[in-house]
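**Student:** below is the sequence, then the predicted model.
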Amino acid sequence: MITETGKVVAVTGEHAWIQTIRTSACQSCAARSGCGQKVLASATGGRANQVRVVNSVNACVGEEVTLGIDESALLSASLLVYALPLSLMVAASMFGHYLSGGSDFAAMSGAVVGLASGFLVSRHLQSRNTGNYEPTLLRVNRIPAGVVSHPDSLT
């Protein structure tokens, strides 16, 4: 399970809007020079993202919560969104090239048709499995009473 923390910014019915700020552990990572996550984190500038999830733990506005998504769901969603359209693009490009006897225009047209059909198939498959790719609200992060001392009691 991949987890991330965020803050509840709104509650509407049975759903909660969670604001997460994308932080990156790039400074301590050995692969930071060749990783796409560093580029993504610097491009967004640590901006806040908002996610709508089912409020299964009855979180209130202002509370810090932990979100989670199953690793297999994340992997299958990535394959569905990226690998399927790209695979169909390459296959259709090769098929267009083969059918036309080597025409580059037919290969490019096939690539466009393959990519578009890959996106359409991906969207259709995602709509059939709507709840499988959504993050879930795991818990409200509360500090137990007595753990934090009162500022006046410093001795």
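**Tutor:** Arrived safely. Not measured: the values here are computed from a predicted model.
**Student:** what ranges does the protein have for its helices?
**Tutor:** For the chain, helices defined by DSSP state H occupy the ranges 36-44, 71-78, 84-100, 104-128.
**Student:** same for the longest one, what does it pack against?
**Tutor:** Judged by 3 or more CB pairs under 8 Å, 6 or more residues apart in numbering; DSSP states H and E, helix 104-128 is in contact with helix 84-100. To be clear about C-beta, it is placed using only N, CA and C from the backbone, and glycine gets the same treatment.
**Student:** tell me the angle of the helix it packs on relative to helix 104-128?
**Tutor:** Relative orientation of helix 84-100 and helix 104-128, computed by axes from the mean of the first three to the mean of the last three CA atoms, to 10 degrees: 150 degrees.
**Student:** returning to what we had before: among the helices of the chain, which is nearest Glu64?
**Tutor:** Among the helices of the chain, the nearest to Glu64 by CB to CB is helix 36-44 (20.9 Å).
**Student:** report the mean per-residue pLDDT for the closest one.
**Tutor:** For helix 36-44, the mean pLDDT works out to 52.
**Student:** over to stretch 68-82?
**Tutor:** Confidence over stretch 68-82 (mean pLDDT, whole number) is 83.
**Student:** for the chain, which helix or strand comes out least confident on mean pLDDT?
**Tutor:** helix 36-44 (a mean of 52; mean pLDDT, DSSP states H and E).
**Student:** longest strand in the chain, please.
**Tutor:** If you go by DSSP state E, the chain has its longest strand at strand 2-12.
**Student:** using CSV, write out every CA atom in it.
**Tutor:** Output of strand 2-12 as CSV, limited to C-alpha atoms (Å, rounded to 0.1, in the frame of the first residue of the first chain):
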residue,chain,number,x,y,z
ILE,A,2,1.4,3.4,-1.0
THR,A,3,0.4,6.1,1.5
GLU,A,4,0.4,9.9,1.6
THR,A,5,-0.8,12.4,4.1
GLY,A,6,-3.1,15.3,3.5
LYS,A,7,-5.5,17.7,5.2
VAL,A,8,-9.3,17.6,4.9
VAL,A,9,-10.4,20.9,3.2
ALA,A,10,-14.1,20.1,2.6
VAL,A,11,-16.7,17.4,3.4
THR,A,12,-19.6,17.0,1.1
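**Student:** show me what it is packed up against.
**Tutor:** For strand 2-12, the elements it packs on are strand 15-21, strand 64-69, judged by 3+ CB pairs under 8 Å, 6+ apart.
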